[in-house]
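# coords please:
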Amino acid sequence: VRLLGHEDPALPELLPVARDCMAPSYPELAADFDRISAYAYGEEETFRSTLRQGSALLDRAITGSGERLPAATAFKLHDTYGFPIDLTVEIAAEHGLDVDVTGFRELMAEQRRRAREDTRARKTGHADTGLHRALLDEHGATDWQAYTTLTTDSTVLAVLREGAPVATAVAGQIVGVVLDRTPFYAESGGQESDAGTLH
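Alright, predicted model coming up:
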């Protein structure tokens, strides 16, 4: 399978032109061109290698698929090798093959569902958030004062250990503390949580 009809790397021809056009406004492009181009050329070669492997897989699938390319093959071409489904359908049609596009879309939907579940699990640390929801419903949202002060007088609404409320905590235990107001910034979007003390 020849996808584009152009076998040679394109970036060695394009990047010097981009550098020359952009350098008057961005002189660092010219100064750092060797480093920038080395990264870019390496990325292009990695992509070309992936494309070659995907093309070889598609060639084998076309040869051994009878009249229809299976959904699993189309999905692997897309997921692993970056082949858009439209490209797979077009190439298969050139060889007289149909593609199980319905099955492909089902596999894509399943992948998206798993990705959403993984994202939710990472956000909650695989924890059951029902207790937190109950505390929110009972007490309302915490008065968050992270941008206005470094200290607050706060009331402890709950102490949580291993996902369950406890009456007390002792030195050395790791617990969660739910407060009615706080100056602490909790970890969010990659920013580290604040550190401090409760008295």
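# Three-state assignment for residue 178, please.
Judged by DSSP: H, G, I helix; E, B strand; the rest coil, the three-state class of residue 178 is strand.
# Next: residue 42.
With three-state DSSP as the basis, residue 42 sits in helix.
# For it, give its distance to residue 77.
When Cβ to Cβ, to the nearest Å is applied, the distance between residue 42 and residue 77 equals 23 Å. The way it works is simple: take the backbone N, C-alpha and C, and place the C-beta from them, glycine included.
# what about whichever strand or helix holds residue 21, distance to the chain center?
When elements are assigned from DSSP states H and E, residue 21 belongs to helix 11-22. A distance of 30 Å separates the centroid of the chain from that of helix 11-22, by Cα atoms, centre = their mean, to the nearest Å.
# List the buried residues for that helix?
Within helix 11-22, the residues that qualify as buried by neighbour count (16 or more other Cβ atoms under 10 Å) are 11, 15, 19.
# Any chance of those in JSON lines with pLDDT and distance to residue 169 as columns?
JSON lines is the format used below for the buried residues of helix 11-22 (pLDDT from 0 to 100; distance: Cβ to Cβ, whole Å):
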{"residue": "11", "pLDDT": "94", "distance to residue 169": "58"}
{"residue": "15", "pLDDT": "95", "distance to residue 169": "59"}
{"residue": "19", "pLDDT": "96", "distance to residue 169": "60"}
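# With distance to residue 57 added, can I get those in CSV?
Supplementary listing: these in CSV, determined by distance: Cβ to Cβ, whole Å:
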residue, distance to residue 57
11, 25
15, 30
19, 36
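# Show me which of these is closest to residue 111.
Of all the buried residues of helix 11-22, the one sitting nearest residue 111 is residue 11; the distance, using Cβ to Cβ, is 30.4 Å.
# Spatially nearest residue to that closest one (excluding sequence neighbours)?
The shortest distance from residue 11 to any residue other than its chain neighbours is 4.8 Å, reached at residue 44 (Cβ to Cβ, 6 or more residues apart in numbering).
# would you list every one of the helices in the protein?
Here the chain has its helices, by DSSP state H, at 11-22, 27-31, 33-64, 71-81, 85-94, 101-124, 130-139.
# What is the longest one packed up against?
Packing contacts for helix 33-64, counted by 3 or more Cβ pairs under 8 Å, 6 or more residues apart in numbering; DSSP states H and E, involve helix 11-22, helix 71-81, helix 85-94.
# Equivalent analysis for the second one, please.
Contacts defined by 3+ Cβ pairs under 8 Å, 6+ apart place helix 27-31 against helix 11-22.
# what do you get for the last one?
For helix 130-139, the contact count by 3+ Cβ pairs under 8 Å, 6+ apart identifies strand 156-161, strand 176-179 as packing neighbours.
# Tell me which of these sits most buried.
Each of the helices and strands packed on helix 130-139 was scored by mean neighbour count; the highest is strand 176-179, a mean of 17, by mean count of other Cβ atoms under 10 Å.
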